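[1] sequence first, then the predicted structure:
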Amino acid sequence: MKGVIMNKILSITGLLMFQASTCFAQETYDLGEIYVSAGFQDININKTGSSVKVLQSDELKTNVFDAVNLLDAQSGIAMSSSGGVGSQTGIRLRGLSQSYVAVRVDGVDISDPTGTQNSYDFGGIMTSGFDQIEILKGSQSAIYGSEAIGGVINFKTNNSKTIGNNTETNITLGSNNTVTANIKLTQVEDSGSYALSINNMTTEGYSAKSDNDETDPTAKLRLDLL
């Protein structure tokens, strides 16, 4: 009897940050200024010397629930997976393997510190915990060293500046009994802010049964003492 894949992903992303014009050939839309922070300081996207692609919150709220499919759709990027959703997944950026692609969350290195080479498993990361994904293509070695010869992927968490609290919930149903659920809590005050996003995804796949449970907690707190 053939089994089924039961993959469960639970990722918790905590934060607090603040900050983000693009022209289209057919029509011109004013999206405001877009800032890139992967270089340790915010800079207008038009003033950076790197080839940059910025995926903003509206693109992250599409029906793509994991970062793998979203990144794989971008030019110059190829994702490779060892199995279904939640399985070990690597990245190639402009032909270079994941050993030469730096991965950051709000500028913090999230690669496996126990590994012999720089690498990050994208299999367990979902888009609902982030407001922006910055893709810097080409060598960024001057800042990040040899691990960024191919480029940098920087995930940015909530950067709301609106004072007060907010709660967002979302549930998505799909084929193969796929269910994704997300709840996001944010609180912004004059002295600082926090955000907490909890995501859960369960799906039944189409090959031999495999248990793949993963928990990815991250948290960050910032206080402005002025």
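    Perfect, I can see it now.

[2] distance-wise, check the nearest residue to residue 81 once chain neighbours are set aside relative to residue 129.
    Excluding the flanking residues, the one nearest residue 81 by Cβ to Cβ, 6 or more residues apart in numbering is residue 89, at 4.4 Å. (C-beta placed from N, C-alpha, C; glycine too.) Note on residue 89: its distance to residue 129, by Cβ to Cβ, to the nearest Å, is 17 Å.

[3] re earlier: enumerate every residue touching the residue nearest to residue 81.
    Residues in contact with residue 89 (Cβ atoms under 8 Å, 6 or more residues apart in numbering) are 68, 79, 80, 81, 82, 121, 122, 123.

[4] what are the phi and psi values at it?
    Main-chain dihedrals, residue 89, degrees, to the nearest 10: phi -130, psi 130.

[5] where do the helices sit along the protein?
    Using DSSP state H, the helices assigned to the chain run over residues 57-60, 67-72, 141-144.

[6] wait, which of the ones you listed is closest to residue 135?
    When the helices of the chain are compared by Cβ to Cβ, helix 67-72 sits nearest residue 135, at 7.7 Å.

[7] send the alpha carbons of that closest one over as CSV?
    Output of helix 67-72 as CSV, limited to C-alpha atoms (Å, rounded to 0.1, in the frame of the first residue of the first chain):
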residue,chain,number,x,y,z
ALA,A,67,9.2,31.0,0.1
VAL,A,68,10.5,28.2,-2.1
ASN,A,69,7.9,28.6,-4.9
LEU,A,70,8.1,32.4,-4.7
LEU,A,71,11.9,32.5,-5.0
ASP,A,72,11.9,29.9,-7.7
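
[8] please begin residue numbering at 40 from this point
    Renumbered: residue one is now 40, and that last one reads helix 106-111.

[9] out of the helices and strands in this protein, which is least certain?
    Least confident element among the helices and strands of the chain, by mean pLDDT, DSSP states H and E: strand 45-54 (a mean of 48).

[10] on that earlier part again, winner for burial among the helices of the chain?
    helix 106-111 (a mean of 20; mean count of other Cβ atoms under 10 Å).

[11] per-residue confidence averaged over that helix?
    Per-residue pLDDT over helix 106-111 has a mean of 88.

[12] go on, stretch 198-218?
    Taken as a whole, stretch 198-218 has an average pLDDT of 81.

[13] may I have it as PDB, with CA atoms only?
    The C-alpha coordinates for stretch 198-218 follow below in PDB (Å, rounded to 0.1, in the frame of the first residue of the first chain):
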ATOM      1  CA  ASN A 198       8.200  47.300   9.900                       C
ATOM      2  CA  SER A 199       4.900  49.000  10.700                       C
ATOM      3  CA  LYS A 200       5.100  52.600  12.000                       C
ATOM      4  CA  THR A 201       1.400  52.900  12.900                       C
ATOM      5  CA  ILE A 202       0.900  53.400  16.600                       C
ATOM      6  CA  GLY A 203      -1.400  50.800  18.200                       C
ATOM      7  CA  ASN A 204      -2.000  47.100  17.900                       C
ATOM      8  CA  ASN A 205      -3.200  44.900  15.000                       C
ATOM      9  CA  THR A 206      -4.200  41.300  14.600                       C
ATOM     10  CA  GLU A 207      -4.400  39.500  11.200                       C
ATOM     11  CA  THR A 208      -5.600  35.900  10.700                       C
ATOM     12  CA  ASN A 209      -5.600  33.800   7.500                       C
ATOM     13  CA  ILE A 210      -6.700  30.200   6.600                       C
ATOM     14  CA  THR A 211      -6.100  28.700   3.200                       C
ATOM     15  CA  LEU A 212      -7.400  25.300   1.900                       C
ATOM     16  CA  GLY A 213      -5.900  23.500  -1.100                       C
ATOM     17  CA  SER A 214      -5.600  20.200  -2.900                       C
ATOM     18  CA  ASN A 215      -4.200  17.100  -1.300                       C
ATOM     19  CA  ASN A 216      -5.800  18.200   2.000                       C
ATOM     20  CA  THR A 217      -3.500  21.100   2.200                       C
ATOM     21  CA  VAL A 218      -4.400  23.600   5.000                       C
END
